[in-house]
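>>> model this:
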Amino acid sequence: MRKTISGFTIVELLIVIVVIVILASITIVSYNSVNNKARTTAKINDITSIQNLVERYASEKGSYPSTGGAWKYQRRDGDAFIPGLTPEYASSLPSITDDPTNNLINNTYIYKSDGTNYKLDRLYQPSVPSGEFSNIPSDMKDNTYTDRWGVWSSGGTGF
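Alright, predicted model coming up:
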């Protein structure tokens with residue numbers, strides 16, 4: 001009398017392993033996509049909150065915080081990169097914490113204003129990461145440059 005041994009064949013085990021690998025790959029890709037969108041949404045919220053402070057300042061003072069037409073960089077100039085906002089309108093401004101760099105003019109907020117118009121951008125060099133850029137609303141994309149996106153007054157597009 002032969003004793004039968006039950007179990008899985010190598011082919012069956014390989015099929016199960018392949019299915020598990022495929023499902024894991026799909027899950028990881030989906031997670032990364034959702035994670036990228038969430039990070040981009042947080043970045044949009046940060047720059048929008050700074051924009052709201054700039055607009056509030058202009059509403060109360062009659063002009064936008066002026067930099068004399070020069071670009072100011074948050075990594076280099078701190079919260080003073082937009083003159084007059086802190087501490088009167090906010091105790092501090094949102095700052096960029098991802099991808100820290102020793103380059104004080106890279107991966108930073110930049111602001112420029114002549115008092116009548118302004119432009120506030122998130123600057124990357126050499127260019128905005130493609131995964132992030134695809135999640136940015138079209139009205140926040142700067143068609144002049146490929147290394148930034150942001151918000152601006154109607155006359156600030158030319159900065």
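>>> every contact and neighbour count from this point should use C-alpha atoms.
OK.
>>> which is the next helix or strand following the worst-scoring helix or strand of the chain on mean pLDDT?
Here the helix or strand of the chain ranked lowest by mean pLDDT, DSSP states H and E is helix 130-133, holding a mean of 73. Later in the chain than helix 130-133, the nearest helix or strand by DSSP states H and E is strand 148-152.
>>> circling back to that earlier point, and the least confident helix or strand of the chain, how far from the chain's centre?
9 Å (CA atoms, centre = their mean, to the nearest Å).
>>> in terms of contact, does Phe81 touch Ile110 like I think?
Yes. With contact defined as CA atoms under 8 Å, Phe81 and Ile110 form a contacting pair (7.5 Å).
>>> still on that earlier bit, quick one: contacts of the least confident helix or strand of the chain?
Outside of helix 130-133, the residues within contact range by CA atoms under 8 Å, 6 or more residues apart in numbering are 36-37, 40, 141.
>>> go again with 7 Å.
Helix 130-133 is contacted from outside by 36, 40, using CA atoms under 7 Å, 6 or more residues apart in numbering.
>>> now do stretch 109-129: distance to the chain's middle.
Distance of stretch 109-129 from the chain centroid (CA atoms, centre = their mean) equals 13 Å.
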